[in-house]
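1. My questions concern the predicted model and sequence given below.
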Amino acid sequence: MEGIIDNISEKIADIICNDNQEFEIIIYGVHQMITIILNLFLTVISGIIWQNFSFLAVMYFYFSILRPYAGGYHSETEGKCLVISIALINLILFAKRYVRLEIPAFIVICVASMAVIFLWAPIGNPNKTLDMMEKKYINENHILSQ
């Protein structure tokens, strides 16, 4: 999948780029844009399948805010990352539809989730390690965003 996106990115960069020095930057930007649009498109398809757009919108919004600060698993390729992300979104939508939680249980799960994130975020992983400066910077911004 990355090869297809790379080819499309290069063709678009050829069309819009006049300066060879900016060519690689434009390829990268177009590549990222295509990846984000594909991810958003597949997320919307998941919302159509599960017929739950309001919950999906809230979940996507919070994941978009949380993900850059929390760290976590990073796949070797963008394709694997996309598959895992969409699978997790569908798993959550499936659980939302078929698992009924009472309000106290829901509150306990939310508080426990926030505690885990607050105590252990950010975390690195072999595919994306964090140095001490990054951890300090992310922790400071994470605490300020609470």
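-> That came through fine.

2. which strands and helices sit next to the top helix by length along the chain?
-> In the chain, with assignment by DSSP state H, the single longest helix is helix 23-50. Using 3 or more Cβ pairs under 8 Å, 6 or more residues apart in numbering; DSSP states H and E as the contact test, the elements touching helix 23-50 are helix 2-16, helix 53-70, helix 78-98. Glycine gets a C-beta too; all of them are placed from N, C-alpha and C.

3. For M114, find the nearest of the ones you listed.
-> Closest to M114 of the helices and strands packed on helix 23-50 is helix 53-70 (Cβ to Cβ; 10.2 Å).

4. on that earlier part again, can you convert the helices and strands packed on helix 23-50 into TSV and add a column each for mean pLDDT?
-> Shown next, in TSV, are the helices and strands packed on helix 23-50 (pLDDT from 0 to 100):
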stretch	mean pLDDT
helix 2-16	83
helix 53-70	70
helix 78-98	85
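
5. Can I get the ones you listed in JSON lines including distance to F106?
-> Below are those laid out as JSON lines (distance: least, Cβ to Cβ, whole Å):
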{"stretch": "helix 2-16", "distance to F106": "38"}
{"stretch": "helix 53-70", "distance to F106": "13"}
{"stretch": "helix 78-98", "distance to F106": "11"}
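
6. Among those helices, which comes closest to V116?
-> V116 lies closest, by Cβ to Cβ, to one member of the helices and strands packed on helix 23-50: helix 53-70, at 9.7 Å.

7. and L91, how many neighbours?
-> 10 (other Cβ atoms under 10 Å).

8. Please renumber the chain so that the first residue is 11 from this point on.
-> Renumbered: residue one is now 11, and that last one reads L101.

9. Tell me the spacing between it and V109.
-> 11 Å (Cβ to Cβ, to the nearest Å).

10. for stretch 28-39, the distance to its chain's centre please.
-> For stretch 28-39, the distance from its own C-alpha centre to the chain's C-alpha centre is 25 Å (Cα atoms, centre = their mean, to the nearest Å).

11. Identify the residues contacting that stretch?
-> 16, 19-20, 22-23, 26-27 (Cβ atoms under 8 Å, 6 or more residues apart in numbering).

12. For those residues, which single residue is the most surrounded?
-> In the contacts of stretch 28-39, the most neighbours by other Cβ under 10 Å go to S19, 21 neighbours.
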